[in-house]
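> Just a sequence and a predicted model for now, questions to come.
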Amino acid sequence: MRKTLDNLYRHLTAHYGPTHWWPGDTPFEVAVGAVLTQNTAWTNVEKAIAGLKAEHLLEPGALLECPTELIETALRPCGYFRVKTKRLRAFCRYLDERYGGSMTRMAETSLEDLRPELLDVNGIGPETADDILLYACDKPVFVVDAYTRRILGRHGLVTADIAYEELRATFEDAIEPDVQMFKEYHGLLVYTGKDFCRRKPKCAACPLQPLLEDGQPEG
DNA sequence: GACCAGGCACATC
DNA sequence: GATGTGCATGGT
């Protein structure tokens, strides 16, 4: 599997070049984006983040203090605006109470301690937690998302119903932990998913096709 | 006018 | 523990 995942990364890098994934000007904005993008297209998230910025709400203190309706209005374009308002507030409350609202202080916490903390926040599940850990805190966790599962599943590398933690472990056990590479790898899988693995699959043009032609992956 | 999008919590069996 | 459902808007 190590060789397969190395090959996968090389093929995608050759095809796309650097992705500079994840969009976001600050660690806090990255964390906000992680919550807002839950089951939602990023184009809609961008509108919501722009709305928050326009209201000067892109900081934990402001989100905790302002009227709920103000946040809901800003979040409307990205859907689920009521639940996402609650989830953003839950994250801000946690960040405020545990780290005085500082993403920098949060990032100083060890991965082993921080991941369970995040998962304990209402509205933060495995993928959202790992987005925050990798892209906002620079922790070496491999982010698994719907694209990761779909791409590897369609190419027969894993079963389509593989559990989140199992798929994460598949990557983390097979490849050397490297924050920058993990960031790029996930970005490349998102690019690939958007281009070739949506509802009208274009598998023949998928950059992973050469990988399969080279020979089926080992275990 | 369906169907889908970078999930998650909660209820129920 | 597995499965189903609500959450909501915008693009294709």
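Sure thing, it's come through. All figures in this text were calculated on a predicted structure; none of them were measured in a lab. Residues are numbered from 1 along each chain as shown, chains lettered A, B, ... in the order given.
> Can you tell me which residues in chain A are near DNA strand B?
With CB under 7 Å from any atom of the strand as the criterion, chain A meets DNA strand B at residues A:21-23, A:33-34, A:37-42, A:44, A:79-80, A:83, A:121-129, A:131, A:135, A:145-147, A:164, A:190, A:193-194, A:198-199. C-beta coordinates here come from the backbone N, C-alpha and C atoms, glycine included.
> Filter the residues you listed down to the ones in helices?
A:33-34, A:42, A:44, A:83, A:126-129, A:131, A:146-147, A:164, A:190, A:193-194 (DSSP state H).
> Mark which of those residues are buried, thanks.
A:Gly33, A:Ala34, A:Asn44, A:Pro126, A:Glu127, A:Thr128, A:Ala129, A:Asp131, A:Tyr147, A:Val190, A:Gly193 (16 or more other CB atoms under 10 Å).
> near DNA strand C, which of these show up?
Restricting these to those adjacent to DNA strand C (criterion: CB under 7 Å from any atom of the strand) gives A:Asn44.
> Closest to DNA strand C out of the buried ones among the ones in helices among the residues of chain A next to DNA strand B?
A:Asn44 (4.7 Å; CB to the nearest atom of the strand).
> Might one say that the closest one is in contact with A:Phe81?
No. Judged on CB atoms under 8 Å, A:Asn44 makes no contact with A:Phe81 at a distance of 10.5 Å.
> burial of the closest residue to A:Val83 other than its chain neighbours, as a residue count?
Spatial nearest neighbour of A:Val83, chain neighbours left out: A:Gly123 (7.2 Å); criterion: CB to CB, 6 or more residues apart in numbering. By the measure other CB atoms under 10 Å, the count of residues near A:Gly123 is 16.
> Contacts only, for A:Gly123.
For A:Gly123, the contact set (CB atoms under 8 Å, 6 or more residues apart in numbering) comprises A:Val35, A:Val83, A:Lys84, A:Lys86, A:Arg87, A:Leu88, A:Ala90, A:Phe91.
> what about 10 Å?
A:Val35, A:Gln38, A:Val83, A:Lys84, A:Thr85, A:Lys86, A:Arg87, A:Leu88, A:Arg89, A:Ala90, A:Phe91 (CB atoms under 10 Å, 6 or more residues apart in numbering).
> Widest-spaced pair of these?
Spanning the widest gap among these are A:Gln38 and A:Arg89, at 14.8 Å by CB to CB.
> now chain A, which segments are flagged as low pLDDT?
Filtered on pLDDT under 70, chain A yields the residue ranges A:199-202, A:211-219.
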